[in-house]
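> give me coordinates for this.
(4 chains)
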There are 2 protein chains.
Amino acid sequence: MDSRTYTISELSKEFGITTRTIRYYEDQGLISPGRHGRHRIYSRRDRTRLKLILRGKRLGLPLRDIGDIIDMYNTDRGEAGQLKHLCTRIKQDRAMLLQQRAEIDTMLREMDVIEAQCRSALAQLETA
Amino acid sequence: MDSRTYTISELSKEFGITTRTIRYYEDQGLISPGRHGRHRIYSRRDRTRLKLILRGKRLGLPLRDIGDIIDMYNTDRGEAGQLKHLCTRIKQDRAMLLQQRAEIDTMLREMDVIEAQCRSALAQLETA
DNA sequence: AATTACGTTTACGTAAAGGTCAATGTTATA
DNA sequence: TATAACATTGACCTTTACGTAAACGTAATT
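Next comes the predicted model:
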């Protein structure tokens, strides 16, 4: 049943964030690790959530939104209402991601142009 | 010479941000519009900068970084040192963008899986 | 028994990115 | 000329996302 667990410092090292940050995420309801006494114990699922949180952050999403999204994708997909809701959500999120990707592509192309200019200018200088 | 200009409210409407935000960007040295008396006048170049700022924001970059980047790509590419510096910078930025895009692709694929599960679950419910 | 390493809560601090007045200036229009 | 409609500066306020420090608990070394 894959019951590997992690301590807070293990996770903080692995992901390059402070323990403070991880506790803060818990405070904001984004993770809820188990406890052994008062010590936190992180399951594999918790680790995954953490990874998703950091991914969301890299996309520039606020923590609130990240929490909502993760919860959305994690709630019991029992009844039809929930399922349809999730489908709608997926459609939205996908659109957002596609747009971001398009923007990244635009920037990459623009950078190609600049780099080409840059290189030819350098070549000019060298032959001069 | 394409001397079309814009008022602050025109830009705020066009980009869906408040005038306060635009002034804040100026305060942080990200734009420096001309003045007619004390009123700000934005050139086409200013508008472009604003567009770049918002793009950077959507990528989750802090304003400082955005400023640095834009300046980098805008300074006079005169001497070889500058040019090489810019080339290095481009390489870095490109790497970052590619990684972001890769992450987006990962998420998109994961969403495909979830959506498929979701749809089949819905189909099950309907036939039941 | 003391030190070290790791963990905990509580609380205050802070930087970034604006929001929200308030008081005032300027321009166009009725 | 009065009244909107739009600008400006300045000041203070707020939220988000942590940093930092204090004071303490626990468990393993030395």
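> going by C-alpha atoms from here, please, whenever you check contacts or count neighbours.
Will do.
> where do the helices of chain A begin and end?
Ranges of helices in chain A, per DSSP state H, are A:8-15, A:19-27, A:44-58, A:63-74, A:80-127.
> check contacts around A:Met111.
Counting by CA atoms under 8 Å, 6 or more residues apart in numbering or on different chains, A:Met111 touches B:90, B:94.
> quick one: it and B:Gln92, what's the gap?
11 Å (CA to CA, to the nearest Å).
> look up the closest residue to the residue most central in space within chain A, ignoring the ones flanking it.
Centroid-nearest residue in chain A, with CA atoms, centre = their mean: A:Arg55, separated by 1.3 Å. Spatial nearest neighbour of A:Arg55, excluding adjacent residues (CA to CA, 6 or more residues apart in numbering or on different chains): B:Glu103 at 7.8 Å.
> please export the C-alpha coordinates of stretch A:8-17 as CSV.
Only the C-alpha atoms of stretch A:8-17 are listed here, as CSV (Å, rounded to 0.1, in the frame of the first residue of the first chain):
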residue,chain,number,x,y,z
ILE,A,8,9.1,17.9,7.1
SER,A,9,12.8,18.4,6.7
GLU,A,10,13.1,15.6,4.2
LEU,A,11,10.5,17.3,2.0
SER,A,12,12.0,20.7,2.5
LYS,A,13,15.3,19.5,1.3
GLU,A,14,13.9,17.6,-1.6
PHE,A,15,11.9,20.5,-2.9
GLY,A,16,14.3,23.3,-1.9
ILE,A,17,11.8,25.2,0.3
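> any idea of the mean pLDDT for it?
The average pLDDT within stretch A:8-17 is 97.
> quick one: closest of the helices of chain A to B:Cys87.
helix A:80-127 (6.4 Å; CA to CA).
> and the closest one with helix A:63-74, angle?
130 degrees (axes from the mean of the first three to the mean of the last three CA atoms, to 10 degrees).
> can you give me the offset of stretch A:26-40 from its chain's centre?
20 Å (CA atoms, centre = their mean, to the nearest Å).
> does that stretch reach DNA strand D?
No: judged by CA under 7 Å from any atom of the strand, stretch A:26-40 and DNA strand D are separated, with a smallest distance of 7.9 Å.
> DNA strand C contacts on chain A?
A:7-10, A:19, A:23, A:38-41.
> name the nearest residue to the residue of chain A found nearest DNA strand D, ignoring sequence neighbours.
For chain A and DNA strand D, the shortest gap (CA to the nearest atom of the strand) falls at A:Pro62, measuring 3.2 Å. Using CA to CA, 6+ apart and skipping the chain neighbours, the partner closest in space to A:Pro62 is A:Gly56 (8.0 Å).
> what is the burial count for the one you found?
Per other CA atoms under 10 Å in any protein chain shown, the neighbour tally for A:Gly56 reads 21.
> again, but for the one 5 residues further on
Applying other CA under 10 Å, we find 17 residues neighbouring A:Leu61.
> wait, it sits on B:Leu61?
No: using CA atoms under 8 Å, A:Leu61 makes no contact with B:Leu61, being 10.9 Å away.
> just checking, A:Lys57 touches A:Leu63?
Yes: taking contacts as CA under 8 Å, A:Lys57 lies within contact range of A:Leu63: 7.4 Å.
> any stretches of chain A with poor pLDDT?
By pLDDT under 70, the low-scoring segments of chain A are A:1.
> from it, which residue is nearest to chain B?
Using CA to the nearest CA, the single residue of chain A nearest to chain B is A:Gly60, 3.7 Å away.
> burial of the closest residue to that residue other than its chain neighbours, as a residue count?
Leaving aside its sequence neighbours, A:Gly60 sits nearest to B:Gly60 (CA to CA, 6+ apart; 3.7 Å). By the measure other CA under 10 Å, the count of residues near B:Gly60 is 17.
> wouldn't B:Gly60 be in contact with A:Pro62 here?
No: look at B:Gly60 against A:Pro62 with CA under 8 Å: they stay out of range, at 9.6 Å.
> show me which residues of chain A are close to chain B?
Residues of chain A lying near chain B by CA under 8 Å from any CA of the partner chain: A:55, A:57-61, A:77, A:80, A:83-84, A:86-87, A:90, A:94, A:97, A:100-101, A:103-104, A:108, A:111, A:115, A:118-119, A:121-122, A:125.
> many thanks, I have nothing further to ask.
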